[in-house]
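Student: requesting a structural model of the entry that follows:
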Amino acid sequence: MAQDNHYAADTLSEVNSSELNEAPSNIIVALGCEEAALPSPIDININNAERIELPALSWDNYEKTSLKFKLINTGETVIIRARWAEGEHPSIRGGPLEGTYLFSQIHFHWGNSAVDGSEHTIDGASLPLEMHVVHFSTKFKDRKEAVKHVGGILVIVYFYNLKSDPNKYIAPVISNLKQITFPDAVIKITPFPILNLFHTFSSEYFTYWGSTKTVDSSHPVLWMISRTQECMDFHQLTQFRCLLDQQMRVIRREPKQVASQEGRHLFHVNPLTHYTNSTLSVLPHSKYINDRWVVDRMDIDIGAPGGCKELIEVIHREMRERNLQLDG
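Tutor: Modelled structure (predicted):
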């Protein structure tokens, strides 16, 4: 294995220096054969990421409103599924992708408190909520077939941080969670563009190969992780913690063991600056330009060494204090 990892590193270095402009996405595709069996999630740290330039991503039809839109409580998470008119199904191509990937579903990962929600960690710390936008390759007839193959599944990750005001874009989901309190409950809601829940990007993201496990199998996944965060307020976050599992207990999500990055590549794709210390951007997406974030009140030099970690620690401390106030 050590020899294989050394070979992968040497190959990457060689392509970076001589062939990167010809077929950079082929680097990612080739690494999948060796690295897609490695477990996920991992800790994302920009200092451990290799910079790479890839073609732009092409996002198609994410702004289209679906014909049907439903929320499902599986007893483990909340899933969003939708159906579009013919020719309007959202899809993505370009970047590290080989071919086109169709949107499949969205689901969420939250914790038992505001400080342990995300599956991936950032600089060793968890964030309040992690959203997975799942896609499957058009090489396969459906997602069930695609999960069996390397390159079959793409998961785009968005971290949700806390801000002072509620997020109006995710409000239609949050306000209907009480309708799916019980496991296996399903509700159809008024359709809206799924792009309201996240944002498109072609630069400043991370990508790596890994896998997810079920009880009896492991499925390879190509992960793409946005550096720009989405957001919600504390009350919106707590609504996820009212959902019940199959034993009619509040869904409790034990943090997953973060896997080692050893033997795999984490890429920082199309960085806009030559150097940054911040793993995630603390600047809100432009759609939140008129909203206040919790971080607006914090006097932190995010560009300084350790600035991102300090930011996360301050947010965690503030959330713990708020939880104590509510409990009191």
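Student: count of neighbours near the closest residue to Leu283 other than its chain neighbours?
Tutor: With CB to CB, 6 or more residues apart in numbering as the measure, Thr228 is the residue that lies nearest to Leu283, at 7.4 Å, once sequence neighbours are left out. For every residue, glycine as well, the C-beta is placed using N, CA and C. Residues near Thr228, counting by other CB atoms under 10 Å, number 18.
Student: now Arg51
Tutor: The criterion is other CB under 10 Å. On that basis, Arg51 has 13 neighbouring residues.
Student: mind giving me the packing neighbours of the host helix or strand of it?
Tutor: Taking DSSP states H and E as the criterion, the element that holds Arg51 is strand 50-52. Under the contact criterion of 3 or more CB pairs under 8 Å, 6 or more residues apart in numbering; DSSP states H and E, the helices and strands touching strand 50-52 comprise strand 267-269.
Student: recalculate using a threshold of 10 Å.
Tutor: Helices and strands in packing contact with strand 50-52 are listed as helix 2-18, helix 24-35, strand 267-269; criterion 3 or more CB pairs under 10 Å, 6 or more residues apart in numbering; DSSP states H and E.
Student: who's in contact with the closest residue to Leu197 other than its chain neighbours?
Tutor: Taking CB to CB, 6+ apart, and ignoring the residues beside it in sequence, Leu197 has Ile170 as its nearest neighbour in space, at 5.9 Å. Taking CB atoms under 10 Å, 6 or more residues apart in numbering, we find Ile170 in contact with Phe108, Leu129, Met131, Tyr160, Asn196, Leu197, Phe198, Glu230, Cys231, Met232, Gln236.
Student: now tabulate the residues you listed in JSON lines and tack on distance to Ile189, secondary structure and pLDDT.
Tutor: As requested, these are arranged in JSON lines below (distance: CB to CB, whole Å; DSSP: H, G, I helix; E, B strand; the rest coil; pLDDT from 0 to 100):
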{"residue": "Phe108", "distance to Ile189": "15", "secondary structure": "strand", "pLDDT": "97"}
{"residue": "Leu129", "distance to Ile189": "19", "secondary structure": "strand", "pLDDT": "96"}
{"residue": "Met131", "distance to Ile189": "17", "secondary structure": "strand", "pLDDT": "98"}
{"residue": "Tyr160", "distance to Ile189": "19", "secondary structure": "strand", "pLDDT": "95"}
{"residue": "Asn196", "distance to Ile189": "12", "secondary structure": "helix", "pLDDT": "96"}
{"residue": "Leu197", "distance to Ile189": "13", "secondary structure": "helix", "pLDDT": "97"}
{"residue": "Phe198", "distance to Ile189": "17", "secondary structure": "coil", "pLDDT": "96"}
{"residue": "Glu230", "distance to Ile189": "19", "secondary structure": "strand", "pLDDT": "95"}
{"residue": "Cys231", "distance to Ile189": "21", "secondary structure": "strand", "pLDDT": "92"}
{"residue": "Met232", "distance to Ile189": "17", "secondary structure": "strand", "pLDDT": "94"}
{"residue": "Gln236", "distance to Ile189": "16", "secondary structure": "helix", "pLDDT": "97"}
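Student: just name the closest of those to His285, please.
Tutor: Closest to His285 out of these is Glu230 (7.2 Å), distances taken as CB to CB.
Student: the closest one against His285, yeah?
Tutor: Yes: counting by CB atoms under 10 Å, Glu230 does reach His285; the two are 7.2 Å apart.
Student: looking at the two now, which is surrounded by more residues?
Tutor: Glu230 (22 against 16).
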